[in-house]
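Peer 1: compute the structure for the input listed below.
(2 chains)
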Amino acid sequence: MNKTKGTSITSVISASSVGTMIEWYDFYIFGSLATIISTKFFPQDNPTAAFLSTLATFAAGFVVRPFGALFFGRLGDLIGRKYTFMVTLLLMGGATFLIGCIPSYETIGFMAPVLILLLRLLQGLALGGEYGGAATYVAEHSPEGKRGFMTAWIQTTATVGLFVSLLVIMGTRAALSAEDFDAWGWRVPFWVSILMVLVSYLIRKNMEESPVFAKAKAAGKTSTNPLKESFGKKLNFKFVLLALFGAVMGQGVIWYTGQFYAMSFIEKTMNVDKEQVDSLMFIALMLGTPFFLVFGWLSDKIGRKWIMMAGMLIAIVSYRPIYENMYQTTNLANKVELSSSNSMVNNVNTVTTVYADSTIQQEIQKTNPTNGAITTTIKISINSSDKQKLILLVFIQVLFVTMVYGPIAAFLVEMFPTKIRYTSMSLPYHIGNGVFGGLLPAVATYLATNAKTAGKTDWYLEGLWYPIGVAAVCLVIGVIYINGKDKEIND
Amino acid sequence: MNLIKKILGIVWLALGLAVGYFGVTILGIPKLTSGKQDDLVFGIIICFILLPIVVGGLLVFGKYALQGEYDLIDDN
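Peer 2: Got it, this is the predicted structure:
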């Protein structure tokens, strides 16, 4: 039915993807600069400020995103997709820019963490509204049989946003001295956002409204109360539940496992040096990103359901062997020690151990001069062959991510009618990703810590029971209850 | 297939109740009572956001499955 020309659909995809990528960029730079932000705004020796810091981390990711989905989803179904996701873009860009402008805790006291928390909540709200709008907008412009491939561009934006945030931060660090970056340079990535948002706004401003929505509106077929129709009527609400429990819940945990838990596992459980972790994650994600498009395209050919279900199944059965392999890569008990040296500088004692395969372990003990307390940090520098092995193991996990995440936008769009599509698809997406996926690091760390305390030998694998369990339930529900046939969206 | 969908409805209802019980006793209460602020926020999120969504959602989903609501979308 859709008559959109090739060039127009390219513009639609570009305008939507760039905007969504910028929103992810804005969301990630806060996380990437969390350590420096906490020293400027949330001093850890102040319990209230530390509490606000925890709230800023958790609340924006979990609580606010679904509210953003409801608020902006409703707006998008009432007044249109285009204007709504322009608002979310400006809201996100404005909030990010202002985070870069707020004076530190030392200058304005408690107002600083309070303002940061409020702006972070606005970021979460905007992110909750953006994704559904972009996915719906692109899908409703896409020709029949290409919807999976076209919406897969939107799916790449979360990963590309992470790349860009790392690049801007690394570029700023490289351009400034360490002192300047610590004093004011960390604000630059936040200020850069407003320029990107303005460019994206100008591109989006000239785009047309979604043809499917415009047609429905002209025919008087839009909803007057999208929230009531989406969640108050059994006929639609049962599909919202099916989308959540049969697809998005599993996709959320697999996404967070491959993209975030893997990174935290290598850094905190395996103690690999942070710079090496960043670079190997960067390479694995870069190699994996094109597969979002591959699986989106494939979903147009063989259907969305079975690609997503296959991704979940393979992930469920292979997570434990993959993580066992990762852990053993840097397990020093498997390596031959060559030499060990000791150095003491300014109350910092460093024990450096070199192994036969060029792995180097540094055990850094810092003594607090005030109370004599000793904190110990272990840092392992891996050799290039171990690094390549870890890149491969993370890349395999990213492939699972692309299988479940690549086709999901098209899948969700096809599940709901035009008049309540934005609202109905946004909520399960943000609950699945924000709540089920977002809680993964905390729940998995809790399970692993408990197992370690209980003396289990494979304690480091225990955290995986959370993604495995959630994905397994989702797989059963998806296989049995989801209809695998592609659907018409012009209703 | 419709019969399996309905029978599994009981499983989802039972799973919802089990997640609720174990979620509160194993995850929620220990976190809420640990005395640490990070744990408190985590416990609140588990008890008042994650569990209501999972338990409530699974109970309603199980009920709908048991009532045959998902029979309508069976491929056959």
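
Peer 1: who does the lowest-mean-pLDDT helix or strand in chain B touch, helix- and strand-wise?
Peer 2: Within chain B, no helix or strand scores below helix B:37-45, which has a mean of 79 by mean pLDDT, DSSP states H and E. Under the contact criterion of 3 or more CB pairs under 8 Å, 6 or more residues apart in numbering or on different chains; DSSP states H and E, the helices and strands touching helix B:37-45 comprise helix A:47-58, helix B:29-32. No exception for glycine: its C-beta is placed from N, CA and C like everyone else's.

Peer 1: rank the ones you listed by mean pLDDT and give me the bottom one.
Peer 2: Mean pLDDT is lowest for helix A:47-58 among the helices and strands packed on helix B:37-45, at a mean of 69.

Peer 1: helix or strand right after that one?
Peer 2: Of the helices and strands lying after helix A:47-58 in sequence (DSSP states H and E), the nearest is helix A:64-78.

Peer 1: skipping its backbone neighbours, what lies nearest the most centrally placed residue in chain B in space?
Peer 2: Computing the C-alpha centroid of chain B and ranking residues by CA atoms, centre = their mean puts residue B:55 first, at 2.6 Å. The spatial neighbour of residue B:55 that comes closest, neighbours along the chain excluded (CB to CB, 6 or more residues apart in numbering or on different chains), is residue B:20 at 4.1 Å.

Peer 1: residue A:447: which element?
Peer 2: Using DSSP H and E, residue A:447 sits within helix A:440-453.

Peer 1: and the helices in chain B, which stretches?
Peer 2: Applying DSSP state H to chain B gives helices spanning B:2-22, B:29-32, B:37-45, B:51-66.

Peer 1: and the ones you listed, which one averages the lowest pLDDT?
Peer 2: Of all those, the minimum mean pLDDT falls on helix B:37-45 (a mean of 79).

Peer 1: count of neighbours near the residue lying closest to residue A:274 once chain neighbours are set aside?
Peer 2: In this structure, residue A:274 finds its nearest non-sequential neighbour in residue A:267, 6.1 Å apart by CB to CB, 6+ apart. When neighbours are counted by other CB atoms under 10 Å in any protein chain shown, residue A:267 registers 17.

Peer 1: now the helices of chain B in TSV, with distance to residue A:320?
Peer 2: Formatted as TSV, the entries for these read as follows, by distance: least, CB to CB, whole Å:
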stretch	distance to residue A:320
helix B:2-22	21
helix B:29-32	25
helix B:37-45	25
helix B:51-66	23
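
Peer 1: any idea of the pLDDT on residue A:376?
Peer 2: As summarised for this prediction, residue A:376 has a pLDDT of 86.

Peer 1: repeat that for residue B:68.
Peer 2: Per-residue confidence at residue B:68 stands at 92 (pLDDT).

Peer 1: ditto for residue A:121
Peer 2: According to the model's per-residue confidence, residue A:121 sits at a pLDDT of 89.

Peer 1: so what's the residue count around it?
Peer 2: For residue A:121, which is what you asked about, the neighbour count (other CB under 10 Å) is 19.

Peer 1: where does chain A have low pLDDT?
Peer 2: Residue ranges of chain A with pLDDT under 70: A:1-7, A:44, A:47, A:50-51, A:54-55, A:57-61, A:485-491.

Peer 1: centre-most residue in it?
Peer 2: The geometric centre of chain A, computed from its C-alpha atoms, lies nearest to residue A:158 (CA atoms, centre = their mean), at 6.0 Å.

Peer 1: how close does that one sit to residue A:49?
Peer 2: Residue A:158 sits at a distance of 30 Å from residue A:49 (criterion: CB to CB, to the nearest Å).

Peer 1: show me which residues of the stretch 151-300 of chain A are close to chain B?
Peer 2: The interface of the stretch 151-300 of chain A toward chain B, taken as CB under 8 Å from any CB of the partner chain, is made up of A:234, A:237, A:238, A:241, A:242, A:244, A:245.
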